[in-house]
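S.K.: the following block contains a protein sequence and its predicted model.
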Amino acid sequence: MKVDLIDISIKDLRDFTLYSDQYLSMNFRNFSASSLKLRLQFLIFENKFKSFDSFLDYYKKDELLQQKIISNIIPRASELLRDASCFECFFNLMQQTLQKEIIEICLFEFGNYSETISLIIVLNSKGYLNKARITIIDLTSGKGLPDFYKFTQKDIDTGEINYAALNSKQNFVDFFSMTESGYEYLVPPSAQICHKKISEITSAEIKFDVIISRNLTLHYNFRAHQNIFLTYVNFLEKNGLLFAGTNEGFDWCSGIEQLIKPNKTKPFYIKK
């Protein structure tokens, strides 16, 4: 069945991103224009608006619609321990290349914290949590790391399947507490975590031994893709490790000459 999508102009996109930035603290300006336009077109169709103007008027005054639209535009939470075999390789490579008492890890998040929880579970299962200091850079208007997270039985079942790829003797479900409504994950008290926005830190203030930012550049235009990649390079210590997404390409980026890729089949880079 053919779907008739309303037209959205460059001005319409600008009005949407400007309002979202100024009043909702959501920065969509670096998203790929074609990707953002298509997402908005389908969301407008699904919510039965007849024009972009009527959608935007309602978007400005209805908090529930704002939450719905934003949650469908930003990257969604991924399953727990997605690509667990990559996490296993990442941990082994980190141990081999970073001989330090405390390893500074920077993790880019979109406010859903699924990658953060996966990382903490990996470090905890390896007995390495007390050797890591984690800085979360939230790219949304998130208010910081919650005290606990809720998961369904399906989330746990999927996570357990993924967890099997890790070389760990601990049971996956032991990291969670069972409640009447499902499962909860409580961040261990021993975890050293701070939460920042990217505007709050500069590469002159701090360098990281590890940066984990998987598939972030997929959502942005070419200029933002380049700028994000340079952020990785500038934030990394010498011999620092970048854990990227399997579908991200950096070969064309300015600054790639500062990194080497030790494994052609895995999304890891080391700063020279």
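M.R.: Here it is on my side, so go on.
S.K.: partner residues bridging the residue positioned nearest the centre of the chain?
M.R.: Taking CA atoms, centre = their mean, the centroid of the chain lies closest to residue 109, which sits 3.5 Å from it. Beta-bridge pairing of residue 109 under DSSP bridges involves residue 138.
S.K.: what of residue 104?
M.R.: residue 133.
S.K.: which residues touch it?
M.R.: Neighbouring residues of residue 104 by CB atoms under 8 Å, 6 or more residues apart in numbering: 133, 135, 206-210, 237. For glycine as for every other residue, the C-beta is placed from the backbone atoms N, C-alpha and C.
S.K.: would you format those residues as TSV with secondary structure included?
M.R.: As requested, the contacts of residue 104 are exported to TSV (DSSP: H, G, I helix; E, B strand; the rest coil):
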residue	secondary structure
133	strand
135	strand
206	coil
207	coil
208	strand
209	strand
210	strand
237	strand
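S.K.: which one of the residues you listed is nearest residue 175?
M.R.: Ranked by distance to residue 175 (CB to CB), the contacts of residue 104 are led by residue 133 at 20.2 Å.
S.K.: list the contacts for that closest one?
M.R.: 102-105, 192, 194.
S.K.: which of the residues you listed sit farthest apart?
M.R.: Greatest spacing in those, by CB to CB: 103 and 194 (14.5 Å).
S.K.: so between the two, which is more surrounded?
M.R.: For the pair residue 103 and residue 194, the greater number of neighbours falls to residue 103 (20 against 12), based on other CB atoms under 10 Å.
S.K.: okay, now the domains of the protein?
M.R.: The chain breaks down into these domains under automatic domain parsing: 10-73, 89-145+190-271.
S.K.: could you identify which of these is most buried?
M.R.: domain 89-145+190-271 (a mean of 17; mean count of other CB atoms under 10 Å).
S.K.: how long is that domain end to end?
M.R.: Separation of the first and last residues of domain 89-145+190-271 by CA to CA, to the nearest Å is 17 Å.
S.K.: quick one: average pLDDT of it?
M.R.: Domain 89-145+190-271 carries an average pLDDT of 88.
S.K.: strands of the stretch 1-150 of the chain, start to end?
M.R.: Under the criterion DSSP state E, counting those that start in this stretch, the stretch 1-150 of the chain contains strands at 103-109, 132-138, 148-151.
S.K.: picking up where we left off before, nearest to residue 81, out of the domains of the chain?
M.R.: Distances from residue 81 to each of the domains of the chain were compared by CB to CB, and the smallest falls on domain 89-145+190-271, at 4.8 Å.
S.K.: just to revisit the earlier point, can you tell me how far the residue nearest to the centre of the chain is from residue 253?
M.R.: According to CB to CB, to the nearest Å, residue 109 stands 22 Å off from residue 253.
S.K.: try residue 78
M.R.: 24 Å.
S.K.: same question, residue 97
M.R.: The value you get for residue 97 to residue 253, if CB to CB is used, is 22 Å.
S.K.: with adjacent residues omitted, what lies nearest to residue 117?
M.R.: Once flanking residues are discounted, residue 117 sits nearest to residue 185: 5.8 Å by CB to CB, 6 or more residues apart in numbering.
S.K.: partner residues bridging that neighbour?
M.R.: Beta-bridge partners of residue 185, counted by DSSP bridges, are residue 149.
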